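Enquirer: just a sequence and a predicted model for now, questions to come.
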Amino acid sequence: MVVQRFALSLLAVATFVAALLLGPGYMLASQQVALDTDWRQADRRASGLAPDPATLTDAVVQVYAARTFGWRGAFGVHTWIATKAEGAERYRIHQVLSWRRPVVVSAYGSPDRYWYGNPPTLLADIRGARASRAIDEIETAVANYPRADRYRVWPGPNSNTFVAWVVRSVSALSVDFPPTAIGKDYLIASEGDALSGVLASAPSGTGYQVSLNGLLGVMLAFDEGIEWNVLGLAFGVDWRSPALKLPGLGRIGMAQPSGARSVDQQAALTPEGE
C-alpha cells in the first residue's frame, strides 16, 4: 500500500513537471525558436522602440525583454535596462552577460536592438523628471548589485535576476515581467536580513512574493495577478490585463503591459510643474 501511494505520488509529480514543459516543447517543435543560427550572423538591428536622442532631449528609462538565443529561447527571455540622461546624445545599456566577469555590463549602445535575432518587447517606459531621478537610482543600484561575480542560467542569479533586483531598488520603476523571465523570482538577501531572500515586493511594486531560491514560490500583486513558480517556471493569471501566463509560451490573452507607470500614466501621477 505504501509503495503504491509512493508510485502514485511520483507519477503525479512527473505528470505535473511534464505539463510545465509542454510550453517550451511546443516552442521547439513549432520552430518558433531558431536552433541553427550562427550568433555572429544573427540580427542585431534597432527595432525602433526607443525615441531618437537627436529629437528628444528628455531623460528616458526603458526596460526591454527578448527571447534568448538558441534553445534557451524556448524557455525564457533576456532583459535589460536602457537609460538616457536629459540632453544626452546616446543611451547606456545595463545588463548581465553570462560570458563576462564581472557579469554586469554598462555600456553605450543601441537600446532597442534585436537580441541575436529575437525582437525586443518594451516592458517599461518613463521619461522626463521622473526618469532623471530614476537614472540616479539605477546607477547606484547597478553599482551595488551583490551578485556581479556570479551567473547561473537556472534558477538564477542571471540577467533577469539582475534587472528585477534593480527594478525593486528604484522607486520610479515598475515592471510587470513576463512569466518567461526565468530568474526574476530568484531573490537576493540583503546583508543582515535573511528574510529578504525569501520575501520581497513584486517588481511592479503592487504586491508581494515569496520564493525559495527561485525554485518554488508564489506572487500576488495587482499588476502581475497571481503567479506560481515551480522549478523556476512561472504560470498564473493576470486579471488586470486578462491573460493566462504559461511556461515557455508567455502570455495568452491581452498583450504584455508596458509598466504600471507608463508615459501616459506619469502625466497623471506627476505634480504640475515637476
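Expert: In hand now; what should we look at? Numbering: from 1, shown residues only.

Enquirer: ok, residue 181 touching residue 66?
Expert: No - taking contact to mean CB atoms under 8 Å, the distance of 10.8 Å between residue 181 and residue 66 leaves them out of contact. Glycine gets a C-beta too; all of them are placed from N, C-alpha and C.

Enquirer: between those two, which contacts overlap?
Expert: Overlap between the contact sets of residue 181 and residue 66, as judged by CB atoms under 8 Å, 6 or more residues apart in numbering, is given by residue 77.

Enquirer: looking at these two, which one has more neighbours?
Expert: When neighbours are counted by other CB atoms under 10 Å, residue 181 comes out ahead of the other of residue 181 and residue 66, with 24 against 21.

Enquirer: which residues does the more buried one contact?
Expert: With CB under 8 Å, 6+ apart as the criterion, the residues that contact residue 181 are 65, 76, 77, 79, 160, 163, 164, 234.

Enquirer: quick one: it from residue 160, how far?
Expert: Here the criterion is CB to CB, to the nearest Å. By it, residue 181 lies 4 Å from residue 160.

Enquirer: who touches both of these two?
Expert: With the criterion set as CB under 8 Å, 6+ apart, the overlap between the contacts of residue 181 and residue 160 is 76, 77, 79.

Enquirer: can you classify the residue nearest to the first one when sequence neighbours are not counted as helix, strand or coil?
Expert: Yep, that's residue 76 we're talking about. For residue 76, ignoring the flanking residues on the chain, the nearest one in space by CB to CB, 6 or more residues apart in numbering is residue 182 at 4.0 Å. Reducing the assignment to helix, strand or coil with DSSP: H, G, I helix; E, B strand; the rest coil, the entry for residue 182 is coil.

Enquirer: circling back to that earlier point, from the shared contacts of residue 181 and residue 160, which is closest to residue 129?
Expert: The shortest separation between residue 129 and any of the shared contacts of residue 181 and residue 160 is 24.8 Å, and it belongs to residue 79 (by CB to CB).

Enquirer: secondary structure class of that closest one, three-state.
Expert: Secondary structure of residue 79, per three-state DSSP, is strand.

Enquirer: and the one 3 residues further on, by the same measure?
Expert: Under the three-state scheme (three-state DSSP), the conformation of residue 82 reads as strand.

Enquirer: hang on, isn't it packed against residue 59?
Expert: No - using CB under 8 Å, residue 82 makes no contact with residue 59, being 11.6 Å away.

Enquirer: between those two, which has more neighbouring residues?
Expert: Between residue 82 and residue 59, counted using other CB under 10 Å, the more crowded position is residue 82 (24 against 21).

Enquirer: contacts only, for that one.
Expert: 50, 60, 61, 62, 63, 64, 91, 92, 93, 94, 111, 112.

Enquirer: next, the spatially closest residue to it that is not a sequence neighbour: secondary structure please.
Expert: In space, and not counting its chain neighbours, residue 82 is closest to residue 111: 3.2 Å by CB to CB, 6+ apart. Remark: residue 111 carries the secondary structure label coil [criterion: three-state DSSP].

Enquirer: quick check: the gap between residue 111 and residue 149.
Expert: Applying CB to CB, one obtains 26 Å for the distance of residue 111 from residue 149.

Enquirer: what about those two, which has more around it?
Expert: The neighbour comparison of residue 111 against residue 149 (other CB under 10 Å) goes to residue 111, with 25 against 10.
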